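**Student:** A predicted structure for the sequence below; I have some questions about it.
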Amino acid sequence: MSDESPWPSRPDRNEVRGAAGVASEAVDIISRPVQGTHEAISGTVFGVLRRVGLGPASRPVQVVHDGISTGVYAAVRGISHLAGRGIGAAAALARPGDWRPVTGTPTGAVLTGAVNGLVGDHMVALDNDLAVPMTLYTATVADDDPHAELPGDPEALRAVVADHPERDLTRLVLFVHGLGETEHAWRLYGEASAGEGYAERAASATGATPLLLRYNTGLPIADNGAALSLLLTDLWRRWPEEVARLDLVGHSMGGLVLRHACHHAVQTGQPWVGAVRRMIYLGSPHRGAPLAHRVDQIATQLSRWSRSRTWGEFLDRRSAGIRDLVAGVSDTEVPLLAHASHHAVAACVTSSAHHPLANALGDLLVPVDSAGGAVADVEPLTSSHHFHLLNDPDVHEHLMRWLTAEDEPAS
């Protein structure tokens with residue numbers, strides 16, 4: 001991809017219009033395999049009638065049936081698109097401030113993140129207003145507003161980050177979420193940590209300034225990595241202090257995005273990568289995710305049969321980000337950042353990491369060996385699933401041990 005971010009600022013962004021577009025596209029996408037199944041069943045029924053000698057009598061009925069069903073499905077899609085365009089047009093006429101942005105609430109942000117994970121690349125191609133732009137946030141101390149978007153203006157940025165005098169602006173810790181998530185995911189299972197997520201704990205334990213990324217997880221992982229690399233370079237130019245140390249923490253897909261970001265930075269000479277000291281992966285599928293691979297196989301099989309082809313096409317609409325999870329990251333093409341130390345937590349649903357089924361089941365999404373990959377320092381998290389990794393007391397302890405370790409100068 002080019003060195004220009006593919007997600008420029010959208011001052012005309014209207015999320016209600018975007019939601020209407022997503023809804024109408026969903027009706028279109030879902031109706032097609034339903035129609036295909038309907039046609040396959042009716043074709044079978046009329047075929048049986050022909051074989052038993054009722055072909056001439058059933059022919060007019062089939063013609064009428066096919067015409068009506070095709071018209072009904074076309075009407076459903078047409079009405080859906082008209083409604084979507086109507087709502088979008090009405091939303092475009094609204095004045096700023098007439099309603100709160102969909103992504104302005106944690107629930108809206110989470111739902112939008114999930115939709116982007118499924119079809120985020122299509123949303124970008126359609127220029128949908130709900131396509132998530134890559135954005136950095138910082139953790140705050142206000143319970144009603146746990147995260148604040150970093151402003152673009154350098155003076156405004158200084159005002160936001162300098163509001164916490166106890167934080168060291170020369171040291172940053174960046175948290176990158178996984179597929180279908182947002183920065184709010186790091187506060188999942190907050191009751192297990194008294195409501196304090198990893199970002200807040202890192203800030204209190206190390207004095208570092210925590211940053212959280214929100215990004216469109218439906219886009220190719222390599223593209224997101226390159227975009228993050230450029231975003232950090234832009235941040236480097238605007239940051240109030242010279243950064244001496246940057247630690248990176250990624251959950252699931254987020255770890256792979258971080259690997260690509262560091263690789264892009266090394267290849268293109270971005271200034272921030274020299275400050276990276278620790279890279280921590282929480283359930284990142286370095287060697288791929290079997291579930292993503294299985295979906296890929298099912299889509300291929302369904303596409304081979306005429307009666308199920310539309311369902312194969314339905315599964316083929318899954319995002320590029322999901323497809324990239326099939327293989328993970330090549331250690332040869334995207335090696336671990338040489339001058340940083342690398343650590344991982346691999347969860348498994350079994351009570352022991354040495355259980356015969358520990359690697360086969362993994363955390364239900366990522367096998368233990370894939371979560372470790374080429375990383376030498378891997379800590380197990382037993383009796384836990386993939387999303388426990390987002391906020392778990394044991395992971396808290398591992399993170400703080402790695403993040404509070406003595407800084408090591410870059411080679």
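**Tutor:** That came in fine, so what should we check first?

**Student:** does residue 182 touch residue 107 like I think?
**Tutor:** No - shown here, residue 182 and residue 107 do not form a contact pair, counting by Cβ atoms under 8 Å, at 10.6 Å. (Each C-beta comes from the backbone N, C-alpha and C, glycine too.)

**Student:** of the two, who's got more company?
**Tutor:** Taking other Cβ atoms under 10 Å, residue 182 and residue 107 do not tie; residue 182 has more neighbours (27 against 10).

**Student:** ok, the more buried one to residue 375 distance?
**Tutor:** From residue 182 across to residue 375, the span is 26 Å (Cβ to Cβ, to the nearest Å).

**Student:** count the residues that sit near residue 150.
**Tutor:** 18.

**Student:** so what's the nearest residue to it once chain neighbours are set aside up against?
**Tutor:** Spatial nearest neighbour of residue 150, chain neighbours left out: residue 136 (4.6 Å); criterion: Cβ to Cβ, 6 or more residues apart in numbering. With contact set as Cβ atoms under 8 Å, 6 or more residues apart in numbering, residue 136 has these partners: 149, 150, 211, 212, 213, 214, 231, 235.

**Student:** pLDDT at residue 295, what is it?
**Tutor:** At residue 295, the model reports a pLDDT of 68.

**Student:** got it, and residue 292?
**Tutor:** Note on residue 292: pLDDT of 74.

**Student:** over to residue 112?
**Tutor:** 83.

**Student:** does it sit in a helix, a strand or a coil?
**Tutor:** When classified by DSSP: H, G, I helix; E, B strand; the rest coil, residue 112 comes out as helix.

**Student:** I'd like the distance between it and residue 218.
**Tutor:** Residue 112 is 11 Å from residue 218, by Cβ to Cβ.

**Student:** shared neighbours of the two, which are they?
**Tutor:** The contact sets of residue 112 and residue 218 do not overlap (Cβ under 8 Å, 6+ apart).

**Student:** domain parsing for this structure?
**Tutor:** For the chain, automatic domain parsing gives the domain ranges 15-101, 135-289+328-403.

**Student:** least reliable of these going by mean pLDDT?
**Tutor:** domain 15-101 (a mean of 58).

**Student:** which residue ranges form the helices in the chain?
**Tutor:** 15-51, 55-93, 106-125, 154-161, 198-206, 221-238, 253-268, 290-304, 309-315, 320-324, 358-361, 368-372, 393-403 (DSSP state H).

**Student:** pull out the buried residues from the fifth one.
**Tutor:** Spelled out, it's helix 198-206. Buried residues in helix 198-206, counting neighbours by 16 or more other Cβ atoms under 10 Å, are found at 198, 199, 200, 201, 202, 203, 206.

**Student:** quick one: the closest residue to residue 336 other than its chain neighbours from residue 389, how far?
**Tutor:** Nearest residue to residue 336, sequence neighbours excluded (Cβ to Cβ, 6+ apart): residue 342, at 5.3 Å. For residue 342, the distance to residue 389 (Cβ to Cβ) stands at 16 Å.

**Student:** which one of these two is surrounded by more residues?
**Tutor:** Comparing residue 342 with residue 389 by other Cβ under 10 Å, the one with more neighbours is residue 389, at 26 against 20.

**Student:** who's in contact with the more buried one?
**Tutor:** 251, 252, 282, 283, 345, 347, 363, 381, 395.

**Student:** before we move on, back to that, ranking by neighbours, what's the top pick from the contacts of residue 136?
**Tutor:** Most neighbours among the contacts of residue 136, by other Cβ under 10 Å: residue 212, with 28 neighbours.

**Student:** partner residues bridging that one?
**Tutor:** With DSSP bridges as the criterion, residue 212 is bridged to residue 137, residue 175.

**Student:** my read: it touches residue 139, true?
**Tutor:** Yes - contact criterion Cβ under 8 Å: residue 212 and residue 139 qualify, at 6.6 Å.
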